[in-house]
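Q: just need the structure, nothing else, for what follows:
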Amino acid sequence: MPEILPDEILHKILAYNLTPSHTEFLAFQDDTKETEGPSPGPSRCSDLVLVSKRWLRVGTPLLYECVRLAKSEDTAAVAQLLRAQPQVGHSVRCLRLEGGLGRDLVHIARATPRLERLYVVMRVKPADNIAGFIKALPLLRPSHLYLENDFRRSDNKKIVEVRKALETHVRDAAPSLKFVTLSDWFEGMNQTWASALAASSVEELSCRSAYLEGWIKNGLMRTMLQDSPLRRVVCRGTFQGPSIRECLKRKGFTAADVEKFTFVPHSLDHEFEMMSLASNWGHSGTSDDEEY
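A: Numbers count the residues shown, from 1 in each chain. Got it, this is the predicted structure:
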C-alpha cells in the first residue's frame, strides 16, 4: 500500500505528521523557566521516515522545515546534514536560535536560501562562541524576525555584540524584512533600536502593550514612526488600549499614527483587569470611609 502512493500524496501525508505549526514553533517560551530546547529537526512522528528508503527521501526535507538550535552539537549536526544533502537546506523555512552560534552556523545560513522566519534568543554566556552568528546574520534574508530577551541573564560583552549585530541587521537588511516581533520580556528598546526600526524596511512591529506608554513618553515611539515604513503596531494586551491611545493623542501624534495601533488579546489581560478593579475598589472604600 505505501509504495503505490504517488510522491505528491505521500508528501502531504508526511507533512501533516512531521511538520510542526509555524505559529507553535515560533511561540515565545515560558520566560519563568530555563529550557534547553529539543534537538534540531525531528518533530512529532519522526519515525515515519524509517518505513522505507522512499519515505526517508520524501520525509527528510519535511523534518527540517523548522530547525531549532540550542547548543553547538545541534548546529554541527545540522551543518553536516546540509553538506551531505544540500537539497534539504532549501526546505528550511524557520530557524530558531537558542544557542549554538559558532562557526557551523555560517554554513547553515549559506545553505538555507529560502528561510522565511528567524527567531533569536539573546541568551549568551561569556564563554560562548558567537563568531558564526556574527558572520551568518548578514547572509540571512528572513521576512519575519522574532527577538527574545533573557531577563534572567545580565548583559555581558557577548550579549552586547549579539544585540549590536541584530540592530545592524534590522537597519541594513534587505527589503525582505517586513515583520519584527518582540517577546513579552523585551525590555531593551532604546534610541538605537528605535532608529534601526525607523531606517529599516519593517512594516509591522508586534510587542507587549505594557511597554508602549513608556516608549511614547520618552520619544522612542515617535522615532519609530517618523519617516519610516512602519504601518502597523500590534499591541499584545487589550486592557491598556484606551490609555495608550489617549497618551498618543496627548503627545501630539496624528490620527493616522494612532490608527496604526492594533490591540490583540493577551494572557495577562484578565490579571490587569483584576488589579485595576482592586485598585478602584480600594480608592472607593477610602472615599466612603472619609465621607462617613
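Q: now do the helices in the stretch 151-292 of the chain.
A: 157-172, 191-198, 212-217, 220-225, 241-250, 255-258, 269-291 (DSSP state H, counting those that start in this stretch).
Q: any low-confidence regions in the stretch 1-150 of the chain?
A: 1-3, 5-19, 30-61, 150 (pLDDT under 70).
Q: if I average pLDDT within each of the helices of the stretch 151-292 of the chain, which one is lowest?
A: Ranked by mean pLDDT, the helices of the stretch 151-292 of the chain bottom out at helix 269-291, with a mean of 50.
Q: mind listing what the one helix or strand residue 145 maps to pairs with, with the direction of each?
A: Assigned by DSSP states H and E, residue 145 belongs to strand 144-149. Taking DSSP bridges as the criterion, strand 144-149 sits next to strand 117-122 (parallel), strand 179-182 (parallel) in its sheet.
Q: CA atoms only for the last one, dumped as PDB, please.
A: Looking back up the chat, that one is strand 179-182. In PDB, the C-alpha atoms belonging to strand 179-182 read as follows (Å, rounded to 0.1, in the frame of the first residue of the first chain):
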ATOM      1  CA  PHE A 179       7.800  41.900  10.400                       C
ATOM      2  CA  VAL A 180       9.500  42.200  13.800                       C
ATOM      3  CA  THR A 181       8.000  40.500  16.900                       C
ATOM      4  CA  LEU A 182       9.400  41.300  20.300                       C
END
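Q: quick one: the nearest residue to residue 190 once chain neighbours are set aside from residue 163, how far?
A: Ranked by C-beta to C-beta, 6 or more residues apart in numbering and with sequence neighbours excluded, the top spatial neighbour of residue 190 is residue 220, at 7.3 Å. C-beta here means a position set from N, CA and C on the backbone, and glycine is covered the same way. In this view, residue 220 and residue 163 are 16 Å apart by C-beta to C-beta, to the nearest Å.
Q: likewise residue 255?
A: Residue 255 sits 34 Å away from residue 163, going by C-beta to C-beta.
Q: look at these two and report which has more neighbours.
A: A count of neighbours by other C-beta atoms under 10 Å puts residue 163 above the other of residue 255 and residue 163, at 20 against 8.
Q: so what's that one closest to, chain neighbours aside?
A: Nearest one to residue 163, counting by C-beta to C-beta, 6+ apart, is residue 122 at 6.4 Å.
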